[in-house]
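Visitor: pasting the sequence and the predicted coordinates here, then a few questions.
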Amino acid sequence: MYYVCKYFKKKFQDALIYTKKLKKNVPGAGVLGS
């Protein structure tokens, strides 16, 4: 169970970083990301 938790935590962080990159690159993407 511990490893599953770590896995999803990392996936969540990756998703946050990905949306932040999208916000910078695509105008208006901030609405989707928020």
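Guide: Happy to help now that I have it.
Visitor: quick one: mean pLDDT over the longest helix along the chain.
Guide: Longest helix of the chain, by residue count under DSSP state H: helix 2-25. Mean pLDDT, helix 2-25: 87.
Visitor: check which helices and strands it is in contact with.
Guide: Applying 3 or more CB pairs under 8 Å, 6 or more residues apart in numbering; DSSP states H and E, one finds that helix 2-25 contacts helix 29-33. Glycine gets a C-beta too; all of them are placed from N, C-alpha and C.
Visitor: quick revisit: buried ones in the longest helix of the chain, by neighbour count?
Guide: Buried residues in helix 2-25, counted by 16 or more other CB atoms under 10 Å: residue 23.
Visitor: okay, it in CSV with CA atoms only?
Guide: This file holds the C-alpha atoms of helix 2-25, laid out as CSV (Å, rounded to 0.1, in the frame of the first residue of the first chain):
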residue,chain,number,x,y,z
TYR,A,2,2.9,2.3,0.8
TYR,A,3,4.3,2.0,-2.7
VAL,A,4,0.9,2.7,-4.3
CYS,A,5,0.7,5.9,-2.3
LYS,A,6,4.1,7.0,-3.4
TYR,A,7,3.3,6.2,-7.0
PHE,A,8,0.1,8.2,-7.1
LYS,A,9,1.8,11.1,-5.3
LYS,A,10,4.4,11.2,-8.0
LYS,A,11,1.8,11.0,-10.7
PHE,A,12,-0.1,13.9,-9.1
GLN,A,13,3.0,16.0,-8.9
ASP,A,14,3.8,15.2,-12.6
ALA,A,15,0.3,16.3,-13.5
LEU,A,16,0.7,19.6,-11.7
ILE,A,17,4.0,20.3,-13.4
TYR,A,18,2.4,19.4,-16.7
THR,A,19,-0.5,21.8,-16.3
LYS,A,20,1.8,24.5,-15.2
LYS,A,21,3.8,24.1,-18.4
LEU,A,22,0.6,24.2,-20.4
LYS,A,23,-0.4,27.4,-18.7
LYS,A,24,2.8,29.0,-19.7
ASN,A,25,2.8,27.7,-23.3
